[in-house]
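[1] could you work out the structure for the sequence below:
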Amino acid sequence: DILARYIGEQLARLWNQGVVVENRPGGQNVIGAQAAARSAADGYTFYYATTAAMVTNAFTFKALPYDPVKDFAPVRLVGRSPFVIATSSAAPFKDLAQALAAAKAQPGAVTIGTEGPKTFSGMLADSVAVKGGVKLNHVSYTKGPEAIQDLIGGRIQLVYLPDAALTAFIKSGQLRALAISTAQRQPDMPNVPALAETFPGFEYTGWNGLFAPAGTPADVVARVNRDLETVLRQPEVAQRLQTLGSLAEPKMSVPEFEAFMRGEHERWREVIKSLGITAE
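    Below is the predicted model:
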């Protein structure tokens, strides 16, 4: 919601026209996606979407009231949101290797807080466990701050959450970041290893992007893509997005975003299959 409103403000300034952001929370993004899919394809309504809404829901729900592929036209990727594995500064784990060693020594004894086994953070935690050959004990939370407080209080040992939720606690010294889900280390966390340093090729970030209802005129989609690029190339916008936990995507055409989406569907299809997750 915060990201969508910020991007909306920047576009409103560029267009010299108001942009209304309507929040439709709930149902793992299903409520908002359904409302957007049913909107008129007149170039005045767009959907600010997440990875869950447009990709992973298709594999974790038996039935969706919308089709992520058929009901939407990709406009542009806005930013990528890294996830971080963190522990309490008082915990014994000084790095990811120590956490994995503890989990290997006592299968199921190391607890990790996520947003649920079928959410992005939960599936990423399971992917790390599979690659590390360990079993982690999942503790599901509906709200990230609750997981963070339990981590600080010593009731769980790890969390795997978006970096935006953890940054302030890491900077204050309450939490210790063990790894970030990007392919390379990030400028704002130069001392935090990328997971790819432990598991080569590992790069899974959440993302947020703009979509239009299917049937929206192609020239409108292309225009909004170009205008978004104008906004995202502004250094102050990129800096603000990073503060909000999203790494701005400086360049991506409509065909490139369409190709990106096809790749995401195939990638997450394989991840979910490898984890043995069944749709419910």
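[2] which other helices and strands does the host helix or strand of Gln239 contact?
    Gln239 belongs to helix 235-243 when elements are defined using DSSP states H and E. Contacts defined by 3 or more C-beta pairs under 8 Å, 6 or more residues apart in numbering; DSSP states H and E place helix 235-243 against helix 2-15, helix 218-232, strand 247-248. Placement of C-beta: from N, CA and C, glycine included.
[3] quick one, helices of the stretch 1-150 of the chain?
    Using DSSP state H, counting those that start in this stretch, the helices of the stretch 1-150 of the chain run over 2-15, 30-37, 51, 57-60, 96-105, 120-132, 144-152.
[4] and the fourth one, how far out from the chain's middle?
    Here helix 57-60 is found 15 Å from its chain centre; the criterion is C-alpha atoms, centre = their mean, to the nearest Å.
[5] just the last one next, same as before
    Its chain's C-alpha centre and that of helix 144-152 lie 19 Å apart, by C-alpha atoms, centre = their mean.
[6] now swap in the third one and tell me
    From the chain centre to the centre of helix 51 is a distance of 6 Å (C-alpha atoms, centre = their mean).
[7] what are the buried residues along stretch 39-49?
    Residues of stretch 39-49 classed as buried by neighbour count (16 or more other C-beta atoms under 10 Å): 39, 41, 45-49.
[8] same deal with stretch 165-183?
    If you call a residue buried by 16+ other C-beta under 10 Å, then stretch 165-183 has these buried ones: 165-167, 169-170, 174-182.
[9] end-to-end on that stretch?
    Using C-alpha to C-alpha, to the nearest Å, the end-to-end distance of stretch 165-183 comes out at 20 Å.
[10] go on, stretch 23-33?
    Start to finish, the residues bounding stretch 23-33 are 11 Å apart (C-alpha to C-alpha).
[11] next one: stretch 56-75
    Length of stretch 56-75, first residue to last, C-alpha to C-alpha: 19 Å.
[12] now that stretch: mean pLDDT?
    The pLDDT scores in stretch 56-75 average 95.
[13] how far is that stretch from where the chain is centred?
    Per C-alpha atoms, centre = their mean, the centroid offset for stretch 56-75 relative to its chain is 16 Å.
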